[in-house]
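Engineer: output the structure for:
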Amino acid sequence: MVAPDEGSPPTRYGPASVVAVLVTSLVLGVLSWALVPWIYLSIVLIPPVLVVVIAAAFLLAGGRRQQQVGRGMLIGCLTVPATLIVCLPLLFLL
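Structural biologist: Model (predicted):
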C-alpha cells in the first residue's frame, strides 16, 4: 500500500462527505416521500432545504473536514428535487 506523500492536494470528498450525503438524503428523502401524496404540501420542503443550503455554505468556508461535510450536504440536497421530478410523473401515470 502506498502512503500519500506530503505534497498531494487535499481530498475534496472523504468519509465525512459520504456521511453528510447519507444523512441529508435520508432526512430530506423521508420528508419528501411523506408529503408526496399531498403535492401542495411539498412546498413545506422549501424551508428545510434552504436551511441545509445555508448551513452548507457556512461549512464550505471552514477547514478541510468542514468543507467535505458542506459539499456532502449540498449533494444530499439534490435528492429532494430529483425524487419529486422522477416520482411525481409516475404517480400521475398510475
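
Engineer: what strand or helix carries the most centrally placed residue in the chain?
Structural biologist: Centroid-nearest residue in the chain, with Cα atoms, centre = their mean: Gly76, separated by 1.2 Å. Under the criterion of DSSP states H and E, Gly76 resides in helix 64-77.

Engineer: report the buried residues of the longest helix along the chain.
Structural biologist: Among the segments of the chain that qualify as a helix by DSSP state H, the longest is helix 15-35. Applying a neighbour-count criterion of 16 or more other Cβ atoms under 10 Å, one finds 16-17, 20-21, 24-25, 28, 31-32, 35 buried in helix 15-35. In this view, the C-beta of every residue, glycine as well, is placed from N, C-alpha and C.

Engineer: just to revisit the earlier point, could you check how far the nearest residue to the residue nearest to the centre of the chain once chain neighbours are set aside is from Leu90?
Structural biologist: In space, and not counting its chain neighbours, Gly76 is closest to Thr24: 2.7 Å by Cβ to Cβ, 6 or more residues apart in numbering. From Thr24 over to Leu90 the distance is 23 Å, taken as Cβ to Cβ, to the nearest Å.

Engineer: kindly report the same for Thr11.
Structural biologist: Taken as Cβ to Cβ, the span from Thr11 to Leu90 is 37 Å.

Engineer: helix 64-77 and the longest helix of the chain, what's the angle between them?
Structural biologist: Relative orientation of helix 15-35 versus helix 64-77 (axes from the mean of the first three to the mean of the last three Cα atoms, to 10 degrees): 30 degrees.
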